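J.: using only what follows, build the 3D model:
(2 chains)
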Amino acid sequence: MDEIKSNNQKSMPKTGLRKEFDFPKAYYLMALAIILLIIFGGNAIITNKKLNKATGTINDIYSKSFLELADSVNEIDIYLAKGAVSNSPEYLSELASKIYMQSSSAINSLGQLPVSHIELDNTAKFLSQVGDYTYVISKKAMSGEGISDKEKNELSELSRYADTLADKLYQLEEQMFKNGLSFEVIKKGRVSTASAMPDLGTNMQKIEENFQDYPSLIYDGPFSDHINRQTALHLTDRGEISREEAEEKIKTFPGISSAKSIAYSGETNGTIPTYKYNVTDSDNKRLSIEVSKQGGMVVNMLKNRNVPSASMSVDDAIKKGGEYLVKCGIHSMKESYYEIKNNIITINYAYVENGIIMYPDLVKIKIAMDNGEMLGFESQGYLMSHTENRELNPVNVFYEQAKELISPAVTITDSNMAVIPKDGGREVLCYEFITTLNDKKFIIYINATNGAEEQILMLIENNDGVLTL
Amino acid sequence: MKIKYFILLIVAVTIVATASVMFYDSQESEQKVYADTNSYTQNVELLARAVNGEARGEIYEGQVAVAAVILNRVDHPSFPNTIAGVIYQPGAFTAVSDGQIDVPISKNSTVYKACQDAMNGWDPSGGAIYYYNPRTATSSWIYSRPTITTIGNHIFAK
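T.: Numbers count the residues shown, from 1 in each chain, chains lettered A, B, ... in the order given. Just a heads-up that it's a prediction; the model follows:
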């Protein structure tokens, strides 16, 4: 290098320019390139390290969820097997509580795994129903009702599924400890080659295949299959209306003040099939409204408008709501709970018959507290449950007896009779006692037939309304 | 002599640059905003963030419908039993995987009001547990689900 340099020095003329070129541009560029390389390269290495750490943590969480799922299912399997040979309602009740807890944990763990819903639809349903169903059966056993043969069969079916699921998960667990478990989503078409590592998604899909014949379970619990198949009681005997008739209905709906235009916007095929319309109101605001195909009743209405201030009292708003209901042809309704947000009040109204409040027959109305305009209407509860021919449980417990059953710790301030909905969609006629304990308000419902405590609600009252928990 | 300066220059600039990048990185991660701790308001806040991520430009009842789908899933046996469980279920909502779930929502926003209506029982989705945008849906399976209704860009299915 030095030799070449000295040769160059000898051949080049000695001018002033050469002194300024002591650090040629090439060196600057090279310096810049090296600096950038170090910065970006370094950054890439650091980022990669962070990424690996994060991926590691996520995989740990997934592994934990998977192992907890396998563990819970195993416990459920054992408890169900014991339940099949138990002969005492008390012990069955104990098992049911344990199964319920494990089923909750299993569903929770399953929900944390990176498996698409398609791959675990029935598996998840099984896990939800097993806790629910066993709990309902054990309650029946405890109340002396006894378990029917059909229920015994269903319990042994559930036990069989638990067995299969526990087995498959255990096999997957073994694979996981041997080869590791991949939580990566395998895209369709791409075959998982190279690694002998099983992937969760594909394996869960295989497990789901064992649940193809999973039976439909109908029982008195929130996850029973009948919950999603209910039909609207109030509309059953009514004929189907045409779109023209639906439009006429909308024009007479009290919430709509001289509408400028009504446009059909499609239909829905849900719990209550409806015709949908978009309405432009006289104030140029848009609202949406749905009318049931059967019976032509308004199912819901929504208008989004900013309400800058409130100039109505709560009582006036409640009265206004009552007037709207009468105009809709819905009679004998009494307000129960309400909530105020952004100067709009949402009021719940329940049907009252012979002094009995029918809580399942619910209509909700939103009223703007500046001009009393109806901004929302929701009557699905009423349409699903309201019927003139209600079959209620008989009153075998008198008021005074029911009062005796209330905890001596509370002070009773008011009482009523009411029909309340239970988890499985069942309705129960009860005595409703409004009570207080240490400045907290509680509503206690006593079954009018057997005096059982059916429900206790905690009331939270403040300026924004009444919340029930 | 010149090479030493050269190397010194590179090292100095690298240290300064790396230090500033790391500092900047740590600043960014402090900016997450967490919702209220009261259970009811917390649930509405979380719901609002999810609906905002999924249905921001939709008409009002379209936003209520998306919130209703989430609530319907909570009650459905095939899905997790909590609002957080349904929203954070891996792969369920793009708003979660692309970070939009962390964008704070004003309590006066339309989305927030839509979620309150859904929590109060309004369900323009007709009981749906699925919804998708036919123009962007990648899963072919979702098309096999029976359609309940269409609102704006979304088809709601059961």
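J.: need the helices for the stretch 301-450 of chain A, in chain order.
T.: Ranges of helices within the stretch 301-450 of chain A are A:314-327, A:380-385, A:399-405, based on DSSP state H, counting those that start in this stretch.
J.: buried deepest among the ones you listed, which one?
T.: Between the helices of the stretch 301-450 of chain A, the one whose residues have the most neighbours on average, counting mean count of other C-beta atoms under 10 Å in any protein chain shown, is helix A:380-385 (a mean of 22). Backbone N, C-alpha and C define where each C-beta goes, glycine included.
J.: quick one: is that one near chain B?
T.: Yes: judged by C-beta under 8 Å from any C-beta of the partner chain, helix A:380-385 and chain B are in contact via A:380-381.
J.: show me what that helix packs onto, helices and strands only.
T.: When contacts are defined as 3 or more C-beta pairs under 8 Å, 6 or more residues apart in numbering or on different chains; DSSP states H and E, helix A:380-385 packs onto strand A:298-303, strand A:356-368.
J.: so which of those strands gets nearest residue B:65?
T.: Comparing the helices and strands packed on helix A:380-385 against residue B:65 with C-beta to C-beta, the closest turns out to be strand A:298-303 (10.2 Å).
J.: which residues touch the closest one?
T.: A:249-250, A:253, A:255, A:272, A:274, A:281, A:285-292, A:328, A:373-380, A:383, B:60-61, B:64, B:117, B:122-124 (C-beta atoms under 8 Å, 6 or more residues apart in numbering or on different chains).
J.: in chain A, where is pLDDT below threshold?
T.: A:1-23, A:185-196, A:255, A:257 (pLDDT under 70).
J.: what sits closest to whichever residue of it sits closest to chain B if chain neighbours are left out?
T.: Per C-beta to the nearest C-beta, the residue of chain A with the smallest distance to chain B is residue A:270, at 1.9 Å. For residue A:270, the nearest residue in space outside its immediate sequence neighbours is residue B:126; the separation is 1.9 Å by C-beta to C-beta, 6 or more residues apart in numbering or on different chains.
J.: ok now stretch A:55-72, how far from the chain's centre?
T.: Remark: stretch A:55-72 is offset 24 Å from the chain centroid, using C-alpha atoms, centre = their mean, to the nearest Å.
J.: list the buried residues in that stretch.
T.: A:62-63, A:65-72 (16 or more other C-beta atoms under 10 Å in any protein chain shown).
J.: of those residues, which belong to strands?
T.: Per DSSP state E, strands hold no members of those.
J.: can you put those residues in JSON lines and add distance to chain B?
T.: As requested, the buried residues of stretch A:55-72 are exported to JSON lines (distance: C-beta to the nearest C-beta, whole Å):
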{"residue": "A:62", "distance to chain B": "9"}
{"residue": "A:63", "distance to chain B": "14"}
{"residue": "A:65", "distance to chain B": "10"}
{"residue": "A:66", "distance to chain B": "12"}
{"residue": "A:67", "distance to chain B": "17"}
{"residue": "A:68", "distance to chain B": "14"}
{"residue": "A:69", "distance to chain B": "13"}
{"residue": "A:70", "distance to chain B": "18"}
{"residue": "A:71", "distance to chain B": "18"}
{"residue": "A:72", "distance to chain B": "14"}
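J.: can I get those in a markdown table with distance to residue A:343?
T.: Rendered in a markdown table, the data for the buried residues of stretch A:55-72 read as follows (distance: C-beta to C-beta, whole Å):
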| residue | distance to residue A:343 |
| --- | --- |
| A:62 | 46 |
| A:63 | 51 |
| A:65 | 44 |
| A:66 | 49 |
| A:67 | 51 |
| A:68 | 47 |
| A:69 | 47 |
| A:70 | 52 |
| A:71 | 51 |
| A:72 | 47 |
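J.: out of those residues, which are inside helices?
T.: For the buried residues of stretch A:55-72, the ones inside helices are A:62-63, A:65-72, with DSSP state H as the criterion.
J.: now, which of the residues you listed sits nearest residue A:342?
T.: Among these, and counting by C-beta to C-beta, the member closest to residue A:342 is residue A:65, at 39.4 Å.
J.: contacting residues for that closest one?
T.: Residues touching residue A:65, when contacts are defined by C-beta under 8 Å, 6+ apart, comprise A:109-110, A:112-113.
J.: output the longest helix belonging to chain B.
T.: Every helix in chain B considered (DSSP H), the longest is helix B:2-28.
J.: quick one: mean pLDDT for it?
T.: Averaging the model's pLDDT scores along helix B:2-28 yields 74.
J.: distance from it to the middle of the chain?
T.: 37 Å.
J.: likewise stretch B:52-68?
T.: Relative to where its chain is centred, stretch B:52-68 has its mean C-alpha point 12 Å off (C-alpha atoms, centre = their mean).
J.: any part of that stretch near chain A?
T.: Yes: Stretch B:52-68 lies in contact with chain A when judged by C-beta under 8 Å from any C-beta; the contacting residues are B:59-61, B:64.
J.: possible to save the residues you listed as TSV with secondary structure and pLDDT?
T.: As requested, those are exported to TSV (DSSP: H, G, I helix; E, B strand; the rest coil; pLDDT from 0 to 100):
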residue	secondary structure	pLDDT
B:59	coil	94
B:60	helix	95
B:61	helix	94
B:64	helix	97
